[in-house]
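> Mind looking at a prediction? Sequence and model below.
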Amino acid sequence: MSEVRKSSIGARKKLIWGRVATILAVSTLMMAIAASYWVRLGWLPGDIYIKKWDVSFYLPLTSSALVGLVMTVFYLILVRTVSQFGYSRSRVKAEFAKNR
């Protein structure tokens, strides 16, 4: 491969990962803003809270499921965005193995 080709591949990778970093930053900011409005996220119906004497037990079942669902949606959006630029999981694994 010529130097021009290698440099253009490097520039493309930087552009892609710059966009991925931007998407992650924006999604983190959106989740932080949403969390400030969802102050009662930990007290949803389905969350278990038991208090007896001086001992309390809290198991956030519904809150955990909701947070997991939101994180899955963000992950799928991220994967779809990265795959638009021609990166598949197998290609990324091959690149990683080659550079080790």
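Structure's in. What do you need?
> C-alpha from now on. contacts and neighbour counts both.
Fine.
> And the strands in the protein?
Along the chain, counting by DSSP state E, strands occupy 48-52, 55-59.
> Please convert the ones you listed to TSV, extending it with mean neighbour count, mean pLDDT and distance to residue 77.
Output for the strands of the chain, formatted as TSV (neighbours: other CA atoms under 10 Å; pLDDT from 0 to 100; distance: least, CA to CA, whole Å):
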stretch	mean neighbour count	mean pLDDT	distance to residue 77
strand 48-52	10	86	31
strand 55-59	10	85	29
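> Can you lay out those as TSV showing distance to residue 15?
What follows is the strands of the chain, written out as TSV (distance: least, CA to CA, whole Å):
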stretch	distance to residue 15
strand 48-52	46
strand 55-59	42
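> Which of the ones you listed sits closest to residue 30?
Checking these against residue 30 by CA to CA gives strand 55-59 as the closest, at 25.6 Å.
> that older thread, quick check: which of the strands of the chain is nearest to residue 28?
Closest to residue 28 of the strands of the chain is strand 55-59 (CA to CA; 24.7 Å).
> Indicate which one of the strands of the chain is closest to residue 16.
For those, proximity to residue 16 was assessed by CA to CA; strand 55-59 is nearest, at 39.5 Å.
> can you list contacts of that closest one?
Strand 55-59 has contacts (CA atoms under 8 Å, 6 or more residues apart in numbering) with 47, 48, 49, 50, 51.
> pLDDT below threshold where in the protein?
Where the chain drops to pLDDT under 70, the residues are 1-14, 38-42, 84-93, 95-96, 99-100.
> Which of the strands of the chain sits closest to residue 79?
Residue 79 lies closest to strand 55-59 among those, at 30.8 Å (CA to CA).
> Check which strands are paired with that closest one and give the direction for each one.
strand 48-52 (antiparallel) (DSSP bridges).
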